[in-house]
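[1] coords below, sequence missing:
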């Protein structure tokens, strides 16, 4: 039950203001008319209601459809109208606050508004806002509390959602290290959060922040002069819709040291296209930039050291070859001398063997240096592995027979299968694998060379031996240069670089080298290459080349009318000269050559060629990245681009298709296929 002591003021009663007589007849008539009028007005207003609470009788008179809106009927109003029971309908968490709000109204007087939750008849609560005023008698005691109440549930839910969202954003900003800023055209103001200044080493109490100067100007004055130009240009481009505002710049901190800031923002425009607001964030990337600098420095140092090592090995290998050639040459002359006795001939044989072994080591070191320095050149062509395997078998059979090792070559009817590789280097790979299988085998053991086609359409050559195998612990060191896995003290000759060179050569030729080994039972090494099925080399990956039936072996007629411009992006001078000589046969085809990708992209934008031919292995940027840039640029996106490359692996072809090449041709170039492409794309 409400029990309130009525507060006294000098405010007169409403009846005294109106001059109503003591009998109350006129007042009753007017009151009845007023009530009826208000009932008519608000009867249909669901969610609205009037309250007239007479404190002397503790009766709360309700008008309007508010309680019906909550599901209550006339029988319920007996309880709701009793001020002593009204609080039962108020949420228990709000009851004390409602009581305090009413006490405050009694004390202070004047219009008041407060909100609380009221229970619906069928369960649940709605938020209600009450706007009331107190009417007092001539002694100042509150006689009536009257007002209006209505449903504000949606407003409260919105407020609560906003509070939750604001709290969430506050937590996110607090947990991050980003500063926020905002510019408003309406108020002509620019706001920096404290975190922006903390990035520079300032606190909110520093004079620079609080002395009243233009903070934008103070900030700009601390930006590095070179970066301020970039900052302003990026801002202009963003406002004109050319690019997002995302810029990195240096700024001087409180300690006069340079910091790195990454600023990102977004501008809002009005209906007339004028900027009205720009909001964004500042990220302190000083540590990231320092780390990048350290990585670049370390990379440059490593590259410099690797280059120095490669140059030293290369130079040393060449220097060693001269005396070795003399040693071996004279040893051969002595071996031809019939006057030497048997012991002397055996001594000469040992000199020759040692010299040949040393020459092989020098050659291995030179090959390794070339591979590491990226100077190993390959001549890719169709090669029959069966022919190379027979040569390897012939070269190593005597060595195997000497130790009673069975050397078996199983071509399995695949004599005619060919792959695209460098014949000399592929023979070097096979010779090294079979030689190792013989050298590291047991006396009386077996070496089997098996050829087969894999389910993935690859041609596989596997070399199995019955040697001692390689332990799991040592397998992780198998491809480390000069690591012989504990065989250094054995009688087996070797340098520890053969497998390293083999793996690198297989990779450069587009193949895969794999192995498995079990200690005590032997090892199996295999290489896999895509099969070459007899078509032109530019069709090796025919999953996205022209059908073989549509490419004739004879050079077709060029069916291109008018002059056409072709841009060729290729860094290899012989390949450039080849294309120039090929297209010299067709006067209406104008060829422009770019020897590196960035210049090729520039020429494509400025000269707008009718066709671009692009290599994949290019300096600084590969062909995949270059064609991606061309396809994303509106100025060059419609220009057809074809690949002409030695990368003939199936995955390379699929990658080329994904990046936007119209055709993927492989080297050596087939002029018939090239003219067919010209006829289709330029005709």
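    Here it is on my side, so go on. Fair warning: this is a prediction, and the values are worked out from it, not measured in the lab.
[2] walk me through the domains of the chain.
    14-158, 176-284, 299-373, 381-532, 550-682 (automatic domain parsing).
[3] can you add mean neighbour count and give those back as a markdown table?
    Quick note: C-beta positions are derived from backbone N, CA and C, even for glycine. Listed next are the domains of the chain as a markdown table, based on neighbours: other C-beta atoms under 10 Å:
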| stretch | mean neighbour count |
| --- | --- |
| domain 14-158 | 15 |
| domain 176-284 | 14 |
| domain 299-373 | 14 |
| domain 381-532 | 17 |
| domain 550-682 | 17 |
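[4] which one of those domains has the lowest average pLDDT?
    When the domains of the chain are compared by mean pLDDT, domain 299-373 comes last with a mean of 72.
[5] picking up where we left off before, reformat the domains of the chain as TSV; add distance to residue 293.
    TSV is the format used below for the domains of the chain (distance: least, C-beta to C-beta, whole Å):
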stretch	distance to residue 293
domain 14-158	49
domain 176-284	10
domain 299-373	11
domain 381-532	30
domain 550-682	21
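[6] in the sheet, who's paired with the closest residue to residue 457 other than its chain neighbours?
    Nearest non-adjacent residue to residue 457, counting by C-beta to C-beta, 6 or more residues apart in numbering: residue 531, 6.4 Å away. Partner residues in beta bridges with residue 531, using DSSP bridges, are residue 419.
[7] let the chain start at 26 from now.
    All right, first residue 26 from here; so that's residue 556.
[8] who are the packing partners of the helix or strand containing residue 541?
    Here residue 541, judged by DSSP states H and E, is contained in strand 537-543. With contacts taken as 3 or more C-beta pairs under 8 Å, 6 or more residues apart in numbering; DSSP states H and E, strand 537-543 sits against helix 523-533, strand 547-557.
[9] tell me the angle of the first one relative to strand 537-543?
    If you take axes from the mean of the first three to the mean of the last three C-alpha atoms, to 10 degrees, helix 523-533 sits at 140 degrees to strand 537-543.
[10] rewinding a little: mind checking the helices and strands packed on strand 537-543 for the one nearest to residue 605?
    When these are compared by C-beta to C-beta, helix 523-533 sits nearest residue 605, at 26.8 Å.
[11] chain center to that closest one: distance?
    31 Å (C-alpha atoms, centre = their mean, to the nearest Å).
[12] and if you look at stretch 316-333?
    Its chain's average C-alpha position is 24 Å from that of stretch 316-333, according to C-alpha atoms, centre = their mean.
[13] again with stretch 641-649
    20 Å.
[14] could I get the full set of helices for the stretch 426-575 of the chain?
    In the stretch 426-575 of the chain, the segments counted as helices under DSSP state H, counting those that start in this stretch are 448-464, 497-500, 523-533.
[15] which of those helices sits closest to residue 298?
    Closest among the helices of the stretch 426-575 of the chain, using C-beta to C-beta: helix 523-533, at 55.4 Å.
[16] how about residues contacting the helix or strand harbouring residue 624?
    According to DSSP H and E, residue 624 maps onto helix 622-632. When contacts are defined by C-beta atoms under 8 Å, 6 or more residues apart in numbering, helix 622-632 is touched by residues 590, 592, 594, 617, 619, 634, 637, 639, 643-648, 650-651, 654-655, 658, 660-661, 664.
[17] repeat that for 7 Å
    Under the contact criterion C-beta atoms under 7 Å, 6 or more residues apart in numbering, helix 622-632 has outside partners 590, 592, 594, 617, 619, 637, 643, 645-646, 651, 654-655, 658, 660-661, 664.
[18] make CSV out of the helices and strands packed on strand 537-543 and add distance to residue 586.
    As requested, the helices and strands packed on strand 537-543 are exported to CSV (distance: least, C-beta to C-beta, whole Å):
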stretch, distance to residue 586
helix 523-533, 42
strand 547-557, 36
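[19] nearest to residue 459, of the ones you listed?
    Comparison of those against residue 459 by C-beta to C-beta identifies strand 547-557 as nearest, at 9.3 Å.
[20] may I have the strands that pair with the next helix or strand after that closest one, each with its orientation?
    Next along the chain after strand 547-557, taking DSSP H and E as the criterion, comes strand 589-594. As defined by DSSP bridges, the strand partners of strand 589-594 come to strand 614-619 (parallel), strand 636-639 (parallel).
[21] wait, which of the helices and strands packed on strand 537-543 is closest to residue 440?
    strand 547-557 (13.4 Å).
[22] what's the angle from the closest one to helix 448-464?
    Using the same axes, to 10 degrees: strand 547-557 against helix 448-464 is 160 degrees.
[23] gap between strand 547-557 and the chain center?
    34 Å.
[24] same for that strand, what does it pack against?
    With contacts defined as 3 or more C-beta pairs under 7 Å, 6 or more residues apart in numbering; DSSP states H and E, strand 547-557 has these neighbours: strand 443-446, strand 483-490, strand 537-543.
[25] list the contacts of it.
    407, 442-446, 454, 458, 478-479, 482-492, 494-495, 531, 535-542, 565, 673-675.
[26] please apply the same query to stretch 205-212.
    With contact meaning C-beta under 7 Å, 6+ apart, stretch 205-212 is reached by 198, 215-218, 221, 300-307.
[27] between these, which is nearest residue 500?
    residue 306 (49.6 Å).
[28] over to the closest one. Which of the three states is it?
    Secondary structure, DSSP: H, G, I helix; E, B strand; the rest coil: residue 306 is strand.
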